[in-house]
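Enquirer: Mind folding the following:
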Amino acid sequence: MVSISCAMVAVIPAFADGLIVQSTAMFPVRPAQLPRLARLSPLAEQASVGFALLPPAKGGAALQAIRHGAWSTDSEISKTIQPVCGQAADFNTLGCWDLVSGEVLADVPIPGQLTTVPQYHEGSWYVGTSRGFFIRLEANGSFLTPSFGIDSQLFHGPDARSVMKSLANAATTSSERNDPLLQNFRARFRGSWQWFATANAEFVGIPQFGFGQVYVLTANQSLNAYDLLTGKMNWSVRVAPEAQLRLATTSMVLHEKGILLGTSDGYLLLVDPKNGQLQWRQPISLSPSDRFSTVAASALALGDGVVVSNAESSTQKLNWETRAVEWTYAAGSVVQPKFDEGAVFIAGSDGAIHKLDARTGQLRWRRALPTSSPLLALTLLKKQDVLMAASSDGSLFALRMSNGDREGTGASSNYGPVVGDFFNGRNELAEVCLSYRTPGFACWSWIPSLRISRNEK
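Expert: Next up is the predicted model:
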C-alpha cells in the first residue's frame, strides 16, 4: 500500500480569473404562471429558460434529462425536446419542463412528495415517493413525459391520504379493504400505471438499471430489486442490519461486478445484483479516530479497480478481485471522484481540487479554492479542457484540467446553498446545471473566449 500526503505539495498559484456565464435561471412558480416561465435576467435572454426541482433534503442527486426529436406540424420542422422532471412547486406534484424552450410539459399529482430522482429508461419513467410508492409509468405523448392518468387528481384534496392508503397493501385496514370505492381506485391505478410497488418507508436516491431489474433504496436501509417488466420484487436486502451501521447517502453505483454502496461508519459495500448477497465490506479510512469516516460520495468504478473517498481524510483505490489497497491519498471528499485519461480528480474536504495519477495515486497538481464552504459538486468539460467545481454556498470555479490554472470564478449564488452535484444541460452550450435549496436550479456555461489572459489580469 502506498500512502501519499497532500501536505508535501505546494499549491499552484492562480494566474487568471475569467467569467462563468449564467445561461439559464430557474425558480419555482405557481401553476397560474404557467405554461411558460419568465426570463429572469439579461443573461437569461441569451438562452431559453427551463425549471425543475430536486426532492428537498435528499442530497440533491442529478436530475435525469433525455433528448427526443418532436415533429411540429405547424412549422414542419423537427425540434429537440429535452424533458427535465422533478418535484414541482405544489405539494404532491411532479413537473416536467423542456430545458430547451422552458415550456411546461407535465404537471401532475403523485402519491406523496417526490423522494427519488425521476429516471427515464427504455420508454418508461420510474418515480419513488415519500408515501412508499415506486411506480413505473409509460413515457406518454410526443414529449415522452410520465403519464399518471386522470385519477391522479385524487392525490390532491381531503381524500388524498385515504386513497394513498388504499393502494398500499401493508397499510390497508379491514374496513378499507372492504370499501368498494377505494378498491375501485386501486384497480384503476393498477390499470393505468405499468406497475407499482409499495414499501413501509419512502424510496430514496437514484434508481439503477441492469440485469433485467431496477434497483432502488428505501429509507429503512433496504435495497430492493424489482423485475423491470412485471414489478415483482426479486429480492430485498437490509444493507445495514447492525444498529451502528447505516447507509451514509442515497448514492448507489451499479457496475458489472456489483452494486457499490457506502456506510456512515466508513465502509464500502459490494452487493451481488442478481441475488442481493453481500460480496465484501471494506473500510475506507486512515485512522479510526476520524470524526467523519462516512463514505458519503459515490464510488468511481474503473476497469482495474474502484476509487472511493471517506468524508474527511482518505481516498483509496481498491483492487476489484483482492480488495487490496493499491494506493491511499490523504484527502477525503463528499463528491464522487471524476476520471479522464489516466487521471482522477477529487473535490477534497480540504477545499482544494486534486488531480491524481489513477494508477499510482501520485499527485499531479493541487489547487486550493478561495472558499470556506465545503465543495459539493465537480464535473469535467473535456472539450474545453475545463473542470467546474461548486461549493455549498453556490460559489463556482473553472479550472484548466491540464494544469489546474483557475480561469473562471463565480460569486456565491443568490439562490441559496447547493444541494447536489452537477448535471448536464445542453451539450452544445457546454452547459451544466446545479440544484439549489431555494428550491430550483440554474444552468451555467463556460465560454473559452471569455478567458482573461495573464497579461490582461
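Enquirer: any idea how far Gly262 is from Met401?
Expert: 26 Å (C-beta to C-beta, to the nearest Å). For every residue, glycine as well, the C-beta is placed using N, CA and C.
Enquirer: Could you do Phe148 as well?
Expert: When Phe148 is compared with Met401 (using C-beta to C-beta), they lie 43 Å apart.
Enquirer: more crowded one of these two?
Expert: Neighbours per residue, other C-beta atoms under 10 Å: of Phe148 and Met401, the larger number sits with Phe148, 24 against 21.
Enquirer: Report whether the expected contact of the more buried one with Ile110 is present.
Expert: Yes: judged on C-beta atoms under 8 Å, Phe148 makes contact with Ile110 at a distance of 6.5 Å.
Enquirer: Report the set of residues contacting both of these two.
Expert: Shared contacts of Phe148 and Ile110, defined by C-beta atoms under 8 Å, 6 or more residues apart in numbering, comprise Leu94.
Enquirer: so how far is stretch 382-393 from its chain's centroid?
Expert: Distance of stretch 382-393 from its chain centroid, counting by C-alpha atoms, centre = their mean, to the nearest Å, is 16 Å.
Enquirer: Tabulate the CA atom coordinates of that stretch in CSV.
Expert: What follows is stretch 382-393, C-alpha atoms only, in CSV (Å, rounded to 0.1, in the frame of the first residue of the first chain):
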residue,chain,number,x,y,z
LYS,A,382,-13.3,17.8,-21.6
LYS,A,383,-13.7,19.6,-24.9
GLN,A,384,-13.0,22.9,-23.1
ASP,A,385,-10.1,21.4,-21.1
VAL,A,386,-12.0,22.7,-18.0
LEU,A,387,-13.4,21.3,-14.8
MET,A,388,-16.0,23.1,-12.9
ALA,A,389,-16.5,22.9,-9.1
ALA,A,390,-19.1,24.4,-6.8
SER,A,391,-19.1,25.0,-3.0
SER,A,392,-22.1,24.6,-0.8
ASP,A,393,-22.7,28.4,-0.8
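Enquirer: Name the surrounding residues that touch it.
Expert: For stretch 382-393, contacts defined as C-beta under 8 Å, 6+ apart pick out 20, 338, 340, 345, 347, 351, 353, 369, 371, 373-381, 396-402, 407-408, 412-413, 417-418, 422, 430, 432, 434, 444, 446, 448.
Enquirer: Inside helices: which ones of these?
Expert: Nothing among the contacts of stretch 382-393 maps onto helices, per DSSP state H.
Enquirer: Among those, which lie within strands?
Expert: 338, 340, 345, 347, 353, 375-381, 396-400, 407-408, 432, 434, 444 (DSSP state E).
Enquirer: burial of the closest residue to Ser147 other than its chain neighbours, as a residue count?
Expert: Leaving aside its sequence neighbours, Ser147 sits nearest to Asn140 (C-beta to C-beta, 6 or more residues apart in numbering; 3.4 Å). With neighbours defined by other C-beta under 10 Å, the count for Asn140 comes to 16.
Enquirer: thought Asn140 was touching Gly149?
Expert: No: using C-beta under 8 Å, Asn140 makes no contact with Gly149, being 9.5 Å away.
Enquirer: Provide a list of residue ranges in the stretch 101-250 of the chain with pLDDT below threshold.
Expert: 101-102, 169-177, 182, 240-250 (pLDDT under 70).
Enquirer: Tell me which stretches of it form strands.
Expert: Along the stretch 101-250 of the chain, counting by DSSP state E, counting those that start in this stretch, strands occupy 104-109, 119-121, 124-128, 133-140, 145-146, 195-198, 203-210, 213-218, 222-227, 233-238.
Enquirer: quick one, which of those strands is nearest to Leu363?
Expert: Each of the strands of the stretch 101-250 of the chain has some distance to Leu363 by C-beta to C-beta; the shortest is strand 203-210, at 30.8 Å.
Enquirer: For the closest one, list the C-alpha coordinates in CSV.
Expert: Taking C-alpha atoms only, strand 203-210 is exported to CSV below (Å, rounded to 0.1, in the frame of the first residue of the first chain):
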residue,chain,number,x,y,z
PHE,A,203,-38.0,5.3,-1.6
VAL,A,204,-34.8,7.4,-1.9
GLY,A,205,-31.9,8.1,-4.2
ILE,A,206,-31.4,7.4,-7.9
PRO,A,207,-32.7,4.1,-9.3
GLN,A,208,-30.3,2.0,-11.2
PHE,A,209,-31.0,-0.4,-14.1
GLY,A,210,-29.3,-3.7,-15.1
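Enquirer: list the buried ones in it?
Expert: Phe203, Val204, Gly205, Ile206, Pro207, Gln208 (16 or more other C-beta atoms under 10 Å).
Enquirer: same thing with stretch 313-326?
Expert: Under 16+ other C-beta under 10 Å, the buried positions of stretch 313-326 are Ser313, Ser314, Thr315, Gln316, Lys317, Leu318, Trp320, Val325, Glu326.
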